[in-house]
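Chemist: The amino acid sequence is not available; the structure is as follows:
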Ligand SMILES: Cc1cc2nc3c(=O)[nH]c(=O)nc-3n(C[C@H](O)[C@H](O)[C@H](O)COP(=O)(O)OP(=O)(O)OC[C@H]3O[C@@H](n4cnc5c(N)ncnc54)[C@H](O)[C@@H]3O)c2cc1C
């Protein structure tokens, strides 16, 4: 415990009211900090606040400031089952009258987040329709790290009123599935048919009877292709590797208008698309499902945090920039993890580092740890742009241990793994069919303290 004299209550600005920002706000307030959450949208939810209207957004999303945050499409159902999604003390329960499926539609997750917000009374901390335009250090070069303060300039979108405020600390929870990561293809700048990124894809109807080349064979590329084949004339999935999963192979063999191709070599001005194996098609649309880049257009750290080929750094444990810690922190940066409980453990650490309950290692030790981490990734052959792809539940447990956050429940890890296995083998059905082993795991989950902590009266499980 920190003594009363060394305990510090800080004036903290959280940027974003998505899952990361919401749990950050809760933990910061619990730790005794004064919290303001600035959210550019009219409602909480982040990615889960579906935005049907994408008019006015650059189809390739190349503007540093995007108009649309959410990249969720109309039909999207969760890729991860509901049991593993919930924050540790707030299970993602089935509720009567809502989407009760294990892999529900995106609206159900938004409903969960609204419930979370109401249960913990978080709304009063959030200033909606307020877009952060600038975050920088006050009196840069004059203050020591301990006295750092942050200037936050925001704009209230309706009145266009600009506000400038000073905070002791800023928590960046602005998400990273909005700014398209695009390949660099020969002819891309001069191709004059339709090109767009999945960031603004909403439904298959506009592609009826079209010949569409979908670039990228990961989750979105596959999911979107599956609905496009029902309306488009032809769908060509362009994949870096032709070594594909059993599930995708089955789908390809079922649909005559669905084809697998290698990477694109050139886009020609007459609409022809040539692939690296010499094959070609004449296409109406190129749809890039090539993922997203980290981007913090509002953040001025004088070069102390940079995004280099999707490595946000240097960040100690993906959270604190050593030169600016703990007054600047990031939450939600890691990918390929069970997100919500991890964000929760990050939020606790940030709150405790700011209050003084937890002391961070020295600058030298944090930098050493970051360098060692980068080195281990390089040795393992992991490209720089995958720096924050964790894919390791043990890492999440070790991370949480330092703040006394319990390790992930075994059933959560097992359901996550079996869900991925099912997805790989049964691309079209994994969200609706599972085997007896999975059913046992689900029962175990539902009987665990995570699900029974509020009783089951609200749930029709
Ligand atoms: C297509 C798709 C499918 C996905 N499926 C799953 C899934 O099945 N399971 C899963 O766990 N995850 C999934 N995800 C990942 C999803 O992004 C995370 O679940 C989660 O939303 C991350 O939360 P976050 O709060 O870090 O970021 P976000 O949810 O992106 O929230 C960030 C918030 O910050 C706000 N913001 C940004 N910039 C500013 C600014 N300058 N000023 C003010 N506010 C700002 C935004 O408006 C937003 O509200 C999916 C993502 C996508 C795109």
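Modeler: Good, I have the coordinates. Note that the structure is predicted; figures quoted are calculated from it, not measured. Numbering: from 1, shown residues only.
Chemist: In stretch 227-247, which residues are buried?
Modeler: 227-229, 231-232, 234-239, 244, 247 (16 or more other Cβ atoms under 10 Å). (Each C-beta comes from the backbone N, C-alpha and C, glycine too.)
Chemist: meant to ask about stretch 201-210
Modeler: Buried, per 16+ other Cβ under 10 Å, within stretch 201-210: 201, 202, 204, 207, 210.
Chemist: Looking at those, which is nearest the ligand?
Modeler: residue 201 (9.2 Å; Cβ to the nearest ligand atom).
Chemist: Is that closest one in contact with residue 224, as I believe?
Modeler: Yes. Under the contact definition of Cβ atoms under 8 Å, residue 201 touches residue 224, with a separation of 6.0 Å.
Chemist: quick one: common contacting residues for the two?
Modeler: The overlap between the contact sets of residue 201 and residue 224 (Cβ atoms under 8 Å, 6 or more residues apart in numbering) consists of 73, 287.
Chemist: Spell out which residues of the stretch 151-300 of the chain are next to the ligand.
Modeler: Residues of the stretch 151-300 of the chain lying close to the ligand by Cβ under 6 Å from any ligand atom are 173, 174, 175, 177, 220, 298.
Chemist: who wins for most neighbours among the residues you listed?
Modeler: When neighbours are counted by other Cβ atoms under 10 Å, residue 173 leads those with 29 neighbours.
Chemist: contacting residues around the nearest residue to residue 402 once chain neighbours are set aside?
Modeler: Among residues not flanking residue 402 along the chain, residue 349 sits closest, at 6.7 Å (Cβ to Cβ, 6 or more residues apart in numbering). Taking Cβ under 8 Å, 6+ apart, we find residue 349 in contact with 319, 358, 399, 402, 403.
Chemist: Just give the number of residues close to the fourth one.
Modeler: To tie it back to what came earlier, the one meant is residue 402. Neighbouring residues of residue 402 were enumerated by other Cβ under 10 Å; the total is 13.
Chemist: Walk me through the domains of the protein.
Modeler: Split into domains by automatic domain parsing, the chain comes to 8-178+292-401, 182-288.
Chemist: How about the secondary structure of residue 244?
Modeler: Secondary structure state of residue 244, per DSSP: H, G, I helix; E, B strand; the rest coil, is coil.
Chemist: Regarding the closest residue in space to it that isn't next to it in sequence, what is its secondary structure?
Modeler: The shortest distance from residue 244 to any residue other than its chain neighbours is 6.6 Å, reached at residue 260 (Cβ to Cβ, 6+ apart). Assigned by three-state DSSP, the conformation of residue 260 is strand.
Chemist: Is residue 260 in contact with residue 239, as I believe?
Modeler: Yes. Between residue 260 and residue 239 there is a contact under Cβ under 8 Å: 6.2 Å.
Chemist: so where's the stretch 51-200 of the chain shaky on pLDDT?
Modeler: Counting by pLDDT under 70, the stretch 51-200 of the chain has low-confidence residues at 142-146.
Chemist: now the helices for it?
Modeler: Assigned helices in the stretch 51-200 of the chain, in chain order: 82-85, 106-119 (criterion: DSSP state H, counting those that start in this stretch).
Chemist: now check the longest one, is it near the ligand?
Modeler: No. Under the criterion of Cβ under 6 Å from any ligand atom, the ligand is not reached by helix 106-119; the shortest gap measures 7.6 Å.
Chemist: Against which helices or strands is that helix packed?
Modeler: Counting contacts by 3 or more Cβ pairs under 8 Å, 6 or more residues apart in numbering; DSSP states H and E, helix 106-119 packs against helix 19-30, helix 82-85.
Chemist: okay, these, which one's buried deepest?
Modeler: The highest mean neighbour count among the helices and strands packed on helix 106-119, using mean count of other Cβ atoms under 10 Å, belongs to helix 19-30: a mean of 26.
Chemist: what's the offset of it from the middle of its chain?
Modeler: Centre-to-centre, helix 19-30 and its host chain are 16 Å apart (Cα atoms, centre = their mean, to the nearest Å).
Chemist: Does it reach the ligand?
Modeler: Yes. With Cβ under 6 Å from any ligand atom as the measure, helix 19-30 is seen reaching the ligand through 19, 20, 21.
Chemist: And stretch 389-396, by the same measure?
Modeler: No. Using Cβ under 6 Å from any ligand atom, stretch 389-396 stays clear of the ligand, with a minimum separation of 12.9 Å.
Chemist: neighbouring contacts of that stretch?
Modeler: 318, 334-338, 341-342, 345, 382, 408, 413, 416.
Chemist: Now render those residues as a markdown table, adding neighbour count, pLDDT and secondary structure.
Modeler: Output for the contacts of stretch 389-396, formatted as a markdown table (neighbours: other Cβ atoms under 10 Å; pLDDT from 0 to 100; DSSP: H, G, I helix; E, B strand; the rest coil):
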| residue | neighbour count | pLDDT | secondary structure |
| --- | --- | --- | --- |
| 318 | 23 | 98 | coil |
| 334 | 25 | 97 | coil |
| 335 | 19 | 96 | strand |
| 336 | 11 | 95 | coil |
| 337 | 22 | 95 | coil |
| 338 | 19 | 96 | coil |
| 341 | 25 | 97 | helix |
| 342 | 25 | 97 | helix |
| 345 | 26 | 97 | helix |
| 382 | 14 | 96 | coil |
| 408 | 21 | 95 | coil |
| 413 | 17 | 96 | helix |
| 416 | 19 | 96 | helix |
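Chemist: which one of the residues you listed sits closest to the ligand?
Modeler: Distances from the ligand to the contacts of stretch 389-396, taken by Cβ to the nearest ligand atom, are shortest for residue 338, at 7.2 Å.
Chemist: Please name the residues that touch residue 153.
Modeler: Contacts of residue 153 (Cβ under 8 Å, 6+ apart): 132, 133, 134, 135, 162, 163, 164.
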